[in-house]
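sharing a model that was predicted from the sequence below.
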Amino acid sequence: MQYKIYRFVLLISLLLWLTSCAAQPEAGSVSTVASSSGATAPSNTITAVKVDTLTTDSAAAYWANAPVSTVHTKATEKGKADGPDVNIQAAYDGKNIAMRLEWADTTESNLNKAWTWDGSKFSRSKDLGDRMGVLFPIENNANFSSKGCAGACHNLDADPEKWWMGSESADSRFDLWQWTAASSNPVGQAQDEWMGAQEDPADMESATHSDALKSGGSVSNVNKAKDGPAFMGNDLSASFIITGEQTPIDTSKLTQGAVIPPSILAPWVGSRGDVQAKGVWKDGKWVVVLLRALDTGNDEDLVLTPPKAYPLGVAVFDHIDLVGHTTTADVLTLEWK
Amino acid sequence: MSIIEQPISPYREVKDQTETSSGERATMATWIDERTGLVSANRAFLSWPVPKYVERNLLYSLGGLTLVSLIYQFFSGICLLFYYDPSAEAAYNSVDYITYQAPLGWLVRSIHHYNASAIVILVFLHLLRTFFFSAYKAPREVTWLSGVVLFLITLGFGFTGYLLPWDQKGYWATRVGTEMAGQVPLLGSALAQLMRGGATLGQLTLNRFFVTHVALLPGALVLLLALHLYQHRYHGVAPTISKRGQIRARHSVPYFPNWVIMDVLLGLGLLALLIYLSWHERAPLAFPANPADTDYSPKPEWYFLFLFHLLHYVPGRLEPFLIVVVPLLVIGSMFLLPFLDTGEERRPWRKPVTTAVALFYVAVIIIFTFLGS
Amino acid sequence: MDEQKFPLNNVSEPKPPEMGRRRFLETGVWATTSVVGLTLFGTGGRFIVGDALKDKDEQWINLGEIASLSAGQMHQTAYSLRHKDAWRTVEEKGLLYVFSDDGTTYTVFSAVCTHLGCNVHWEEARDGFSCPCHDASFSRTGEVLGGPPRQALTQLEAKIEDGVLLVLV
Ligand code: HEM
Ligand code: HEM
Ligand code: FES
């Protein structure tokens, strides 16, 4: 029996061709979701590239190969000016994901409510440092995945005092990586937090929780009388004090206008310290790299399982509080290559 | 007077032959056959003589391959049922779990996903084959008619399956799909509400689609397939249309293994292809359904795309017409075909009208599918 | 003896059927089956149709104080309401557009496209709505300007009570 192999090959290749034609619109459909939720901007999709090993180095060679998506940020409050565009890239290895975020900011603000010595007494500033946050739903969340950050923001129609962020129910949480120039960047981390449902309707922050802490973290630099700092840094010119590098305050060493950081920092140990970070302000822009395990093993964290696509949102705070932050207006999608 | 039971198996003669072939196996087979009649029935089934022109002819393997493909679909579908949760809150999470967490879940779901497309393609090719070979002509009308219903059932599987993950894609395609049914004059809104189980798309819709997908349609499919294949057996293979075939028609070969070998090899190839596609890119899962989304542009499965895309070209007023008349025309003419084309002529090039109409349908479907994508 | 063992053997020779009796029995079988069949299909059919053909129950929802819905501007409002979806009570979500010229009368549109049910979105620049599904466009007052829809956007009944806008959805 001489089976005509060629016919067999022919039909199989026809099938292959047909089925893969059929498969084609499917293949693109994940990105269709992303772009259709945003206006038309395909850049709402962040494609993580696969690399051998990740670091927090923002100049690592692999960033040259990672597609850049430029996303726009908008003020939450109506009528307020838009925020900067953020260039986002992502990369992953077998264990970790890194995100590189770059945005323009004319001023480097790396102090949070610092003390200032006026020659006779301390006063405490109300200024906040620059901050940036990345928000992911931990559980699948229909609202967030079509609206992005707006899907986590509540009471928007009311006055800003009543806004709160979080989820509608305790079964649907968010994972927040909050990088702050003043307090998390000096210890090489972003604070790992989570949001659930609002617990106290009067408290607009009551849906947000820090992840569990074993040890470490910052302590407030305040004296017993609460009218000045208790310590100063060994290096008086630094904008932060790391635990172990402080001495009791000695006003005789301070010049008028000297600024004393408001806390003594130490890295978070435990789930709160899951996100490594390195941010540098240079030439009018921040470049921050965040790095986290795909699966931290902690319950308060999103588990990332490539190739599943994840919705996310990004917010930047130009030395401003929550209400004044600017966020990506449409949902962003993290995909994997 | 002693009573001797008379043989009741119609295949007794065939079975008797095995008794001459010596050995343990034959004895065993005889024992089973005497109790069940299955061995001889099976043997007769397999040794069914078929004309030699079906041998090594891929066109005659399309039906068999569709059958194999359906078996894969039942297999993977039943596997999925072990994990799938048909509730509006949990369906998405369960499909997410299947796709990204359950061991080999990605493979099972992706096979089901790609194979759904393969079935539609294969059924369509098989339909074209039997059409162009005029295999619908008397006395094979019922084979053809049952085939048409099988074709509709296959599309029904595709339509109902698409919703099951309860993701944006399925949700919006179904919303549009049921609204389309709602455009049918007079009956429309009742029809749409019956499909959805109420005024809006919700849990009841998911239940309806789920039950249709995993119970009603599989049941209907099995019954019709039994009829289809029985008819095929009963009438034998339709006459060939080529000269070469006529020469080969003088000889016959046994169904097994001469015809089956092709189906089996192709089935293996298909499985390999499905595994490759699944490995290359697993079945997509869009974000979870959000009824309040303003920007989602739904797209149906590609095999419904041409109908969906036709809507772009029709002014709104004519739309109900399009939605009712086009499918009625196409499906209606498929049903009527064996009763309209009753001539002796089997060669498509000798009956240009029938052939031209069919080619026109096929061209419209192909062109609008491509335009739509 | 053998014949006692196999009493069925007696019937092996069919007697000529008594036609009347046979007819009667046949009719009986068909009649019984029909009754059973009708009962099953009737019950099953009614059960399966269920409440599917009922209209949606309407409900007034609160869209907030009109003070916060500034006149001269199109407001997109997502609402969610508790809604019975068979045995579940779900948060039903939907989308509305609210507009007022003067701050006293309000026009409220359902965002659901009258064509095939996608949600339309507001385009400030064009001063109208558009539907992403088949490129329909509607004017600010909901009339169809282009595309396949045949009906204007659905306007919902609205009323103001104590400075709060209520709509019937
Ligand atoms: C002609 C046969 C069939 C076709 C064309 C078909 C088609 C489909 C399609 C297109 C989907 C959506 C898959 C996706 O998300 O990509 C689906 C899902 C599903 N099908 Fe089928 N199917 C068929 C037979 C069956 C059978 C026989 C069963 C089980 C008895 C079954 C069980 C399921 C289940 C549980 C799902 C939901 C899981 C999922 O979406 O992945 N299917 N089917
Ligand atoms: C679920 C889908 C179907 C399956 C599994 C199936 C299976 C088969 C098989 C195994 C055969 C014999 C082998 C062959 O001729 O390829 C056959 C024959 C046939 N089928 Fe189908 N079929 C299906 C759908 C259809 C459809 C959609 C049509 C047409 C509307 C159709 C019309 C016919 C006809 C007319 C024959 C007889 C062919 C001849 O005698 O040469 N079938 N089918
Ligand atoms: S659904 Fe809006 S144009 Fe078709």
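That came in fine, so what should we check first? Ligands and ions are numbered 1, 2, ... in the order given.

tell me the gap between stretch C:96-111 and the middle of its chain.
26 Å (Cα atoms, centre = their mean, to the nearest Å).

isn't C:C118 right next to C:P132, touching?
Yes. Counting by Cβ atoms under 8 Å, C:P132 is a contact partner of C:C118 at 6.2 Å. The way it works is simple: take the backbone N, C-alpha and C, and place the C-beta from them, glycine included.

the more surrounded of these two?
C:C118 (24 against 18; other Cβ atoms under 10 Å in any protein chain shown).

not counting sequence-adjacent ones, nearest residue to that one?
Distance criterion Cβ to Cβ, 6 or more residues apart in numbering or on different chains; nearest residue to C:C118, sequence neighbours excluded, is C:C133 at 3.9 Å.

check B:P51 too.
Per Cβ to Cβ, 6+ apart, closest to B:P51 is B:A249, 4.7 Å.

what about the one you found, how many neighbours?
16.

rewinding a little: the residue nearest to C:C118 in helix, strand or coil?
Under DSSP: H, G, I helix; E, B strand; the rest coil, C:C133 falls in the coil class.

please name the residues that touch it.
B:176, B:297-298, C:113, C:115-116, C:118 (Cβ atoms under 8 Å, 6 or more residues apart in numbering or on different chains).

where does the residue most central in space within chain C land in three-state SS?
For chain C, the residue nearest the mean C-alpha position is C:A52 (6.3 Å; Cα atoms, centre = their mean). Here C:A52 is coil, with the state taken from three-state DSSP.

distance of it from B:K243?
57 Å (Cβ to Cβ, to the nearest Å).

hmm, back to that, so the residue nearest to the centre of chain C makes contact with B:G202?
No. Between C:A52 and B:G202 there is no contact under Cβ under 8 Å: 11.1 Å.

which neighbours do the two share?
B:R196.

please report the distance of B:L340 from A:S271.
Distance from B:L340 to A:S271, by Cβ to Cβ: 73 Å.

okay, those two: which has more neighbours?
A:S271 (20 against 12).

what distance do you get for that one to ligand 2?
Using Cβ to the nearest ligand atom, to the nearest Å, A:S271 is found at 53 Å from ligand 2.

likewise for B:L224?
Distance from B:L224 to ligand 2, by Cβ to the nearest ligand atom: 8 Å.

that residue against B:V149, yeah?
Yes. The criterion here is Cβ under 8 Å, and B:L224 meets it with B:V149 at 5.5 Å.

pLDDT at C:E92, what is it?
C:E92 carries a pLDDT score of 79 in this model.

so what's it bridging to?
Beta-bridge pairing of C:E92 under DSSP bridges involves C:L81.

which ones are touching it?
Contacts of C:E92 (Cβ under 8 Å, 6+ apart): B:200, B:291, C:80-83, C:85.

which among these count as buried?
Taking 16 or more other Cβ atoms under 10 Å in any protein chain shown as the criterion, what is buried in these is B:200, B:291, C:83, C:85.

so can I have TSV of those showing secondary structure and distance to C:I61?
Converted to TSV, these look like this (DSSP: H, G, I helix; E, B strand; the rest coil; distance: Cβ to Cβ, whole Å):
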residue	secondary structure	distance to C:I61
B:T200	coil	15
B:P291	coil	15
C:H83	strand	11
C:D85	strand	17
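
touching chain B at all, the lengthiest helix in chain C?
Criterion DSSP state H: the longest helix present in chain C is helix C:19-49. Yes. Using Cβ under 8 Å from any Cβ of the partner chain, helix C:19-49 reaches chain B at C:V49.

pLDDT of that helix, averaged?
For helix C:19-49, the mean confidence score works out to 94.

stretch B:93-101 now?
On average, stretch B:93-101 scores 97.

that stretch: how far from the chain's middle?
On Cα atoms, centre = their mean, the centre of stretch B:93-101 falls 27 Å from that of its chain.

in that stretch, what counts as buried?
B:94-96, B:98-100.

find the residue closest to the residue in the stretch 151-300 of chain A positioned nearest to ligand 1 in space, skipping its chain neighbours.
Closest to ligand 1 within the stretch 151-300 of chain A is A:S172: 21.9 Å, counting by Cβ to the nearest ligand atom. Sequence neighbours aside, A:E139 is the residue nearest to A:S172 in space, at 4.9 Å (criterion: Cβ to Cβ, 6+ apart).

for the chain, just list every one of the helices.
Answering for chain A, as no chain was given. Going by DSSP H, chain A shows helices at A:5-27, A:29-37, A:142-147.

not quite, I wanted chain C
So, for chain C - with DSSP H - the helices run C:2-5, C:19-49.

got it, and the stretch 151-300 of chain B?
Using DSSP state H, counting those that start in this stretch, the helices of the stretch 151-300 of chain B run over B:168-182, B:188-196, B:203-211, B:217-235, B:243-248, B:260-280.

who are the packing partners of the third one?
With contacts defined as 3 or more Cβ pairs under 8 Å, 6 or more residues apart in numbering or on different chains; DSSP states H and E, helix B:203-211 has these neighbours: helix B:141-163, helix B:168-182, helix B:188-196.
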